[in-house]
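# Give the three-dimensional model of this entry:
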Amino acid sequence: MLSGRIVEREALRYTPAGLPLVRLRIEHRSRMMEAGAPRDVQCTVDAVAVGDVVLQLPESGDTAPVSVRGFLCRGSLRDERLVLHLEALRREADDPNRPD
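Take a look at the predicted model:
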């Protein structure tokens, strides 16, 4: 699971099997405890939505907070970088006290 904001979103395309696919980037910000001390965490994660989860994506340009659930996998057979494959997405209410 990951929470954050969608900061980049490519145009909708279709796989050779006819499934809808959208590549995106999610920016996460939070404050975590590590070894008893607070630590600010910030990262950007490459992600892909395939199939029905594409319908759950906010409109392009919408940066409202989201929570996503999925799994990590290589980008492709030749690309070993990890990509988060989304299985579910939920829009979160904008909370000014929330760090993301």
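# Please name the nearest non-neighbouring residue to residue 62.
Computed as Cβ to Cβ, 6 or more residues apart in numbering, the closest residue to residue 62 that is not its neighbour in sequence is residue 6, at 7.4 Å. Where you see a C-beta, it was placed from the backbone N, CA and C, and this is true even at glycine.
# tell me what the helix or strand harbouring the one you found is packed against?
Secondary structure assignment for residue 6, by DSSP states H and E: strand 2-9. Applying 3 or more Cβ pairs under 8 Å, 6 or more residues apart in numbering; DSSP states H and E, one finds that strand 2-9 contacts strand 20-34, strand 37-50, strand 65-74.
# now the angle from the longest one to strand 37-50?
Note on geometry: by axes from the mean of the first three to the mean of the last three Cα atoms, to 10 degrees, strand 20-34 and strand 37-50 are set 170 degrees apart in direction.
# Tell me the secondary structure of residue 61, please.
Of the three states, residue 61 takes coil according to DSSP: H, G, I helix; E, B strand; the rest coil.
# Can you tell me the centre-most residue of the protein?
residue 26 (4.1 Å; Cα atoms, centre = their mean).
# Chain neighbours aside, what residue packs nearest to it?
residue 4 (4.5 Å).
# Kindly provide the distance from the one you found to residue 28.
To residue 28, residue 4 is 4 Å away according to Cβ to Cβ, to the nearest Å.
# So for the two, which residue has more residues nearby?
residue 4 (23 against 16; other Cβ atoms under 10 Å).
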